[in-house]
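Participant: pasting the structure only:
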């Protein structure tokens, strides 16, 4: 639910009817990427702060400066904040806006993947490494060559291949890369270069990672999301087209690509037969939450699948001050996901 529609909300009743409670209440967290490493749950969120920036469609008010790591011994355990794992001041190439991260593990080392604006105000994606899942993480001196836009999500397949998915519209700058290089014209316009409604929607990207997880092993490829007729979703199909928050998980041998529709506030998904897609649109995982954005991850824990997401209930609707939550998701016999309503019987 967008911020401009929250004035009538009774937040006490909303929280009573919420399907889940905030995991962390002593700081504002969002965009949770959840993983299980060595039998323990680790969550890699962004850290919301009120930096006094103007509210705009470029996301200037999302002025995050660092990352914290949250851990849980089990899905019913208390969530523990392990403090700052990486700060923008410790990233040589990064200037500001440490947006939604992800993490993964290989050969006993832990890799934090994150977007930030460089000193040309262009979003790039970086990597930081630690010997511990909670950090501290040491950033590489340069961003990933050929990286752009936001919201990296790194999926490890059963053959131990790693794939990064990324991209986000408007402030995420994906539309500025339509020509293959960054278009700096009309810098204050978040919708400049967005396709017309009747054109195919902009697509997220995927690239297989090198063995060291520090670079792409190939040129990033577009991830196709197809409608029920096998056609690309259109830019005007705001309830279904990709906006940001790419994520991939696997269930019963199928690949599930999920994402946020941004300005229409749904978490949707498609199903495919391999990590590159195409993915056929199947429906919604989560209906709109309070606050402008939706961003999520899906993690299998003890044989069950859980959706980690955020809303703005802790801050009573302030868009850029969010809290992370989770809820089990369930599949029908045909593999489709039962849609969650974040506030049962309330909105």
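Facilitator: Perfect, I can see it now. Note that this is a predicted model, so its numbers are computed, not measured.

Participant: run through who's touching stretch 71-87.
Facilitator: With contacts defined as Cβ atoms under 8 Å, 6 or more residues apart in numbering, stretch 71-87 is touched by 23-24, 26-27, 40-43, 65-70, 98, 112, 114, 128, 130, 133-137, 139, 301-302, 304, 306, 326. Yep, even glycine has a C-beta here, placed from its N, CA and C like the rest.

Participant: er, stretch 196-209 I mean
Facilitator: Taking Cβ under 8 Å, 6+ apart as the criterion, the residues outside stretch 196-209 that touch it are 146, 149, 154, 161-167, 169, 174-175, 178, 194-195, 215-225, 232-237, 241-242, 246, 259, 275-277.

Participant: give me the buried entries from those residues.
Facilitator: Taking 16 or more other Cβ atoms under 10 Å as the criterion, what is buried in those is 149, 154, 162-167, 169, 174-175, 194, 215-216, 220, 222-225, 232-235, 237, 241-242, 246, 259, 275-277.

Participant: just to revisit the earlier point, the contacts of stretch 196-209 in strands, which ones?
Facilitator: With strands defined by DSSP state E, the entries of the contacts of stretch 196-209 inside them are 154, 162-166, 221-222, 225, 246, 259.

Participant: I'd assumed residue 44 was in contact with residue 102.
Facilitator: Yes: with contacts defined as Cβ atoms under 8 Å, residue 102 counts as touching residue 44 at a distance of 6.2 Å.

Participant: any common contacting residues for the two?
Facilitator: Common neighbours of residue 102 and residue 44, counting by Cβ under 8 Å, 6+ apart, are 33, 112.

Participant: what ranges do the helices span in the stretch 1-150 of the chain?
Facilitator: In the stretch 1-150 of the chain, the helices defined using DSSP state H, counting those that start in this stretch lie at 11-17.

Participant: where does pLDDT dip in it?
Facilitator: Counting by pLDDT under 70, the stretch 1-150 of the chain contains low-confidence residues at 1-7.

Participant: now residue 175: how far from residue 328?
Facilitator: Residue 175 sits 35 Å away from residue 328 when distances are taken as Cβ to Cβ, to the nearest Å.

Participant: next, give me the two most distant ones among the ones in strands among the contacts of stretch 196-209.
Facilitator: Comparing every pair within the ones in strands among the contacts of stretch 196-209 by Cβ to Cβ identifies 162 and 225 as the most remote, at 21.6 Å.

Participant: got the contact list for stretch 170-177?
Facilitator: With contact meaning Cβ under 8 Å, 6+ apart, stretch 170-177 is reached by 57-60, 62, 99, 122-123, 148-151, 167-169, 182-184, 190-195, 202, 204, 243-244, 262.

Participant: just the buried members of these?
Facilitator: Buried residues within the contacts of stretch 170-177, defined by neighbour count using 16+ other Cβ under 10 Å: 58-59, 62, 99, 122-123, 148-151, 167-169, 190, 193-194, 202, 204, 243-244, 262.

Participant: where's residue 265 relative to residue 288, distance?
Facilitator: Residue 265 sits 4 Å away from residue 288 when distances are taken as Cβ to Cβ.

Participant: distance-wise, check the closest residue to residue 30 other than its chain neighbours relative to residue 29.
Facilitator: Excluding the flanking residues, the one nearest residue 30 by Cβ to Cβ, 6 or more residues apart in numbering is residue 322, at 3.9 Å. Here residue 322 is placed at a distance of 7 Å from residue 29 (Cβ to Cβ).

Participant: mutual contacts of these two, please.
Facilitator: Counting by Cβ under 8 Å, 6+ apart, the contacts common to residue 322 and residue 29 are 48, 310.

Participant: spit out the contact partners of the residue nearest the centre of the chain.
Facilitator: Residue closest to the average C-alpha location in the chain (Cα atoms, centre = their mean): residue 245, at 3.4 Å. If a contact means Cβ under 8 Å, 6+ apart, then residue 245 has 31, 100, 151, 168, 258-260, 267, 294-296 as its contacts.

Participant: residue 9: which of these is nearest?
Facilitator: Nearest to residue 9 among these, with distances taken as Cβ to Cβ, is residue 294, at 17.0 Å.

Participant: count of residues packed around that closest one?
Facilitator: A count of nearby residues for residue 294, using other Cβ atoms under 10 Å, gives 28.

Participant: please name the nearest non-neighbouring residue to it.
Facilitator: residue 260 (4.5 Å).
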